[in-house]
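The following comprises the amino acid sequence and a computationally predicted model.
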Amino acid sequence: MSENKEYVSRSDELGNIHISEEVLAGIAAAAALEVEGVSGLAANLGSDIAELLGKKTLAKGVHVQMEDEKVTVDLSILMSYGNTIPEVGKAVQDGVKNAVESMTGLEIAAVNVNVGGITFPVKA
């Protein structure tokens with residue numbers, strides 16, 4: 001595991017709660033994959049370049065950014081052929097927002113969905 005993990009911290013009356021950005025990315029990825037019409041996560045465009053520049057990739061197809069106590073999630077998904085992109089995109093946004101907010105108590109500023117590809121059914 002990386003020693004330079006980024007954490008989101010929250011304070012309450014009993015102390016501090018630290019949530020790794022990797023955990024946020026994992027929650028977002030799991031929520032996106034539960035949406036009907038999403039067949040997988042796509043590699044982020046330019047993720048190889050980002051890694052060369054020293055930026056870490058948290059989860060394939062997911063980038064999480066914390067700013068002003070709000071979380072922004074960028075997802076790259078693969079869609080199953082035959083689904084409507086705006087409908088699946090909106091469902092992914094809603095699912096990710098609900099999952100992250102309910103599991104962490106953090107507020108979502110935006111969920112940006114990029115359709116990185118279409119998957120086709122395999123004929124036997």
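Arrived safely, thanks for sending.

Asp94 and Val115, how far apart?
Separation of Asp94 from Val115 (CB to CB, to the nearest Å) stands at 16 Å. Every C-beta, even on glycine, is put in place using the N, C-alpha and C of the backbone.

any idea which strand is longest in the chain?
strand 107-119 (DSSP state E).

Direction included, what does it pair up with?
When sheet partners are counted by DSSP bridges, strand 107-119 sits next to strand 70-80 (parallel).

Restrict the longest strand of the chain to CA atoms and write it as PDB.
The C-alpha coordinates for strand 107-119 follow below in PDB (Å, rounded to 0.1, in the frame of the first residue of the first chain):
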ATOM      1  CA  GLU A 107     -21.500  16.000   0.900                       C
ATOM      2  CA  ILE A 108     -21.200  15.400  -2.900                       C
ATOM      3  CA  ALA A 109     -20.500  18.500  -5.000                       C
ATOM      4  CA  ALA A 110     -20.600  16.600  -8.300                       C
ATOM      5  CA  VAL A 111     -20.600  13.200  -9.900                       C
ATOM      6  CA  ASN A 112     -19.100  13.500 -13.400                       C
ATOM      7  CA  VAL A 113     -19.800  10.400 -15.600                       C
ATOM      8  CA  ASN A 114     -17.700   9.700 -18.700                       C
ATOM      9  CA  VAL A 115     -18.800   6.900 -21.000                       C
ATOM     10  CA  GLY A 116     -15.500   5.400 -22.100                       C
ATOM     11  CA  GLY A 117     -16.900   2.600 -24.200                       C
ATOM     12  CA  ILE A 118     -19.800   0.300 -25.200                       C
ATOM     13  CA  THR A 119     -19.700  -3.500 -24.600                       C
END
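
hmm, back to that, so which of Asp94 and Val115 has more stuff around it?
Val115 (17 against 13; other CB atoms under 10 Å).

Give me the buried positions along stretch 65-84.
Using 16 or more other CB atoms under 10 Å as the burial criterion, the residues of stretch 65-84 that qualify are 66, 71, 73-79, 83.

Present those residues as a markdown table; the columns should include pLDDT and distance to Leu33.
Formatted as a markdown table, those follow (pLDDT from 0 to 100; distance: CB to CB, whole Å):
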| residue | pLDDT | distance to Leu33 |
| --- | --- | --- |
| Met66 | 87 | 22 |
| Val71 | 94 | 19 |
| Val73 | 96 | 14 |
| Asp74 | 96 | 16 |
| Leu75 | 95 | 10 |
| Ser76 | 96 | 13 |
| Ile77 | 96 | 9 |
| Leu78 | 96 | 10 |
| Met79 | 97 | 12 |
| Asn83 | 97 | 14 |
